[in-house]
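Asks: I would like to see how this sequence folds:
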Amino acid sequence: MHKFVFKSVLTALFLSGAPVVLAQTQTETPAVEAAPETAPAEGVESAAPVDWAARAQESFAASFKETCASTGDKPPLMERKPDIYEFKYKGSFDAPEDPEKTATLYRFFCDSGAYNESHVFFLNLSDSIQCVSFAEPFIHVEYENEEANDKVIGIKTVGLRAQNVLVNSTVDLKTKSVSSASMWRGIGDASSLGTWIFKDGEFILSTFEVDASYDGEKNPQMIADYRAENEALNETP
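Replies: Residues are numbered from 1 along each chain as shown. From the prediction side, this is the model:
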């Protein structure tokens with residue numbers, strides 16, 4: 001009799017070693033011509049500009065003081081500066097003549113191990129800071145002879161869950177997407193890979209792959225793929 005082995009993607013992170021350095025995508029913010037300075041009206045103080053990166057940092061430190069509270073040589077949460085990514089977009093309900101909006105994404109280092117590094121994302125839209133949650137399949141893996149090192153009999157999606165910590169994440173400004181590549185062990189033959197694209201102010205699931213076989217080879221299986229639906233709507237990421 002086969003026994004179903006329940007495996008949560010996140011619990012397979014194995015965060016227990018030295019940090020991993022990841023390549024990051026950077027963006028150039030277009031120059032904006034400064035408006036001429038005008039003196040404030042008598043008795044009225046001019047408002048100082050909002051430091052949204054600092055706001056995001058405060059939100060991160062307050063919300064993830066337990067999840068990302070690493071010890072050792074990792075810096076305290078309030079000292080972790082985010083990687084900042086800025087891009088323009090138009091919503092599906094915007095008229096062609098409407099101006100583009102600006103979205104700013106803040107990526108914070110959370111924790112790291114021998115072969116995985118985790119990150120948390122915050123987003124600034126319409127002058128407000130919000131934590132980004134990423135939808136992903138919750139999977140149910142069946143192995144032959146009940147052992148994870150045995151042959152994979154099947155992988156079933158039993159639901160969806162919201163994840164706000166991504167592993168080995170990258171940001172692609174060209175496609176306005178975020179990807180993750182969680183290694184279930186160091187050689188990377190077992191893993192979960194996800195991509196989320198930015199649509200109407202949110203990051204929505206585009207693809208999700210799982211390689212549940214500890215066979216020494218990288219052979220992920222597609223679990224969720226919504227690229228065709230986006231292409232049919234002429235919204236290819």
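
Asks: all contacts plus neighbour counts: C-alpha atoms, from now on.
Replies: Fine.

Asks: please tell me I have it right and residue 188 contacts residue 220.
Replies: No: between residue 188 and residue 220 there is no contact under C-alpha atoms under 8 Å: 10.5 Å.

Asks: for residue 79, what are phi and psi?
Replies: Taking degrees, to the nearest 10, you get phi -100, psi 0 for the backbone angles of residue 79.

Asks: quick one: contacts for it?
Replies: For residue 79, the contact set (C-alpha atoms under 8 Å, 6 or more residues apart in numbering) is empty.

Asks: just residue 193 next, same as before
Replies: Residue 193 neighbours (C-alpha under 8 Å, 6+ apart): 179, 180, 181, 182, 208, 209, 210.

Asks: so where's this structure shaky on pLDDT?
Replies: 1-46, 70-73, 146-148, 233-237 (pLDDT under 70).

Asks: what is the lengthiest helix in it packed up against?
Replies: The helix spanning the most residues in the chain, taking DSSP state H as the definition, is helix 52-63. With contacts defined as 3 or more C-alpha pairs under 8 Å, 6 or more residues apart in numbering; DSSP states H and E, helix 52-63 has these neighbours: strand 101-112, strand 117-124, strand 129-131.

Asks: quick one, what contacts residue 64?
Replies: If you count contacts by C-alpha under 8 Å, 6+ apart, residue 64 has none.

Asks: coming back round to it: tell me which of the helices and strands packed on helix 52-63 lies nearest to residue 201.
Replies: Across these, residue 201 has its closest neighbour in strand 101-112 (7.9 Å, C-alpha to C-alpha).

Asks: okay, now the sheet partners of whichever helix or strand comes after the longest helix of the chain, with direction.
Replies: The first helix or strand that comes after helix 52-63 along the chain, using DSSP states H and E, is strand 83-89. Strand pairing for strand 83-89, using DSSP bridges, gives strand 101-112 (antiparallel).

Asks: which parts of the strand it pairs with are buried?
Replies: Residues of strand 101-112 classed as buried under the neighbour-count rule (16 or more other C-alpha atoms under 10 Å) are 103, 104, 105, 106, 107, 108, 109, 110, 111, 112.

Asks: wait, isn't the last one in contact with residue 118?
Replies: Okay, so that is residue 112. Yes: with contacts defined as C-alpha under 8 Å, residue 112 counts as touching residue 118 at a distance of 6.1 Å.

Asks: ok, the nearest residue to residue 115 once chain neighbours are set aside to residue 116 distance?
Replies: Ranked by C-alpha to C-alpha, 6 or more residues apart in numbering and with sequence neighbours excluded, the top spatial neighbour of residue 115 is residue 186, at 5.7 Å. Per C-alpha to C-alpha, to the nearest Å, residue 186 is found 8 Å from residue 116.

Asks: looking at those two, which one has more neighbours?
Replies: residue 116 (26 against 13; other C-alpha atoms under 10 Å).

Asks: how close does the more buried one sit to residue 192?
Replies: 12 Å.

Asks: what do those two both touch?
Replies: By C-alpha under 8 Å, 6+ apart, residue 116 and residue 192 have these common neighbours: 182, 183.

Asks: one step back: in TSV, list the buried residues of strand 101-112 along with distance to residue 77.
Replies: Listed next are those as TSV, based on distance: C-alpha to C-alpha, whole Å:
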residue	distance to residue 77
103	23
104	20
105	18
106	14
107	13
108	9
109	9
110	8
111	10
112	14
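
Asks: show me the strands in this structure, by range?
Replies: Using DSSP state E, the strands found in the chain span residues 4-6, 83-89, 101-112, 117-124, 129-131, 134-143, 152-163, 166-167, 170-172, 177-183, 191-199, 202-211, 221-225.
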